[in-house]
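>>> following is a predicted model, sequence given first.
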Amino acid sequence: MTSVFVVNAGSSSLKYQVLEVESGESLASGLVERIGETRAIAKHSGDDAEFEETLHIHDHAKAFGWVLRQFESLGPQLDGIDLVGVGHRVVQGGSRFDRAVIIDGDVQQQIEELSPLAPLHNPANLVGIRSARAAFPALPHVAVFDTAFHVTLPPAAFTYAIDRAVAAEHRVRKYGFHGTSHQFVSRRMAELLDKPLAETNTIVLHLGNGASACAVRGGESIETSMGMTPLAGLVMGTRSGDIDASVLLHLSRMAGYSIDELDQLLNKRSGLLGMAGSNDMRDVRAAAGA
């Protein structure tokens with residue numbers, strides 16, 4: 001029974017799953033949330049055993065260490081399930097990566113170079129990659145990029161109407177995200193409709209704390225709501241989505257907001273949380289009906 005270890009290291013979380021290759025059956029899964037806070041929540045499920053605790057986990061490296069200890073104590077034992085590889089979700093692949101790739105030193109360096117385009121995500125993705133490569137040095141590690149599905153965006157969709165020289169120098173363009181989700185759903189739609197993928201056009205919605213829409217024509221992304229970063233597009237749990245760019249200039253000039261403060265405002269204190277006091281739609285609906 002061969003299996004793969006899948007890692008999704010987010011800005012403050014680490015999610016993982018071990019999947020049996022042939023059947024897709026989950027052999028184990030878990031997550032560590034609120035990394036860096038004093039009360040991180042860590043959960044592991046495997047071998048008919050479940051465990052959850054609240055503890056201080058300083059960073060992603062410590063979180064990965066916690067994960068490995070749970071496999072040792074609760075199972076399944078990783079040396080007994082024939083792991084053949086480790087898959088990593090990487091948010092920003094820029095225009096360099098149009099497909100999943102085997103991670104080596106050069107790929108790891110390129111992911112790091114793309115971090116300015118995804119400062120909340122790529123650094124965390126890299127910590128997950130480094131930790132997993134240290135834990136499983138003999139296994140192949142594969143990077144799967146959120147942006148890869150959107151390399152088919154036409155220039156009319158990915159070009160921003162700013163000075164072309166500035167855009168080119170600083171890699172300013174729409175990249176799109178949630179690509180693995182949009183690709184999977186569009187292909188599944190074609191299967192359910194019993195139509196060839198090349199003849200299937202779909203609008204795909206990825207709705208969670210982060211949210212995006214994507215127009216897919218013949219299996220290729222032709223437009224998407226997220227932009228240069230995952231901040232753009234739909235109103236999200238804590239992100240503003242699209243707003244008039246001059247709002248930032250106004251807050252900087254009139255209220256003295258710094259770049260970091262604006263970043264925090266738009267990414268962590270806006271969206272549903274900013275408008276309704278909670279980023280959980282269940283809480284918002286309950287409050288609306290109260």
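Arrived safely. Computed from a predicted model, the values in this text were never measured in an experiment.

>>> just the residues contacting the helix or strand where residue 111 lies, thanks.
Using DSSP states H and E, residue 111 maps to helix 105-113. For helix 105-113, the external contacting residues (CB atoms under 8 Å, 6 or more residues apart in numbering) are 90, 92, 93, 96, 97, 101, 122, 125, 126, 129, 130, 143. Quick note: C-beta positions are derived from backbone N, CA and C, even for glycine.

>>> pull the CA atoms of it into PDB?
Output in PDB follows, covering the C-alpha atoms of helix 105-113 (Å, rounded to 0.1, in the frame of the first residue of the first chain):
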ATOM      1  CA  GLY A 105      17.500  23.600  -4.200                       C
ATOM      2  CA  ASP A 106      16.900  25.700  -7.300                       C
ATOM      3  CA  VAL A 107      13.100  25.400  -7.000                       C
ATOM      4  CA  GLN A 108      13.200  26.200  -3.300                       C
ATOM      5  CA  GLN A 109      15.300  29.300  -4.100                       C
ATOM      6  CA  GLN A 110      12.800  30.400  -6.800                       C
ATOM      7  CA  ILE A 111       9.900  30.000  -4.300                       C
ATOM      8  CA  GLU A 112      11.800  32.200  -1.900                       C
ATOM      9  CA  GLU A 113      12.500  34.800  -4.600                       C
END
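
>>> spit out the contact partners of the residue nearest the centre of the chain.
Closest to where the C-alpha atoms of the chain average out (CA atoms, centre = their mean) is residue 91, at 5.1 Å. Residues counted as contacts of residue 91 (CB under 8 Å, 6+ apart) are 118, 121, 122, 125, 145, 146, 147, 177, 230.

>>> and residue 62, how far from residue 36?
Distance, residue 62 to residue 36, by CB to CB, to the nearest Å: 10 Å.

>>> can you name the residues that contact residue 182?
Remark: with contacts taken as CB under 8 Å, 6+ apart, residue 182 is in contact with 149, 204, 206, 212, 214, 216, 221, 224.

>>> so which of those residues belong to helices?
Secondary structure from DSSP state H places none of the contacts of residue 182 in helices.
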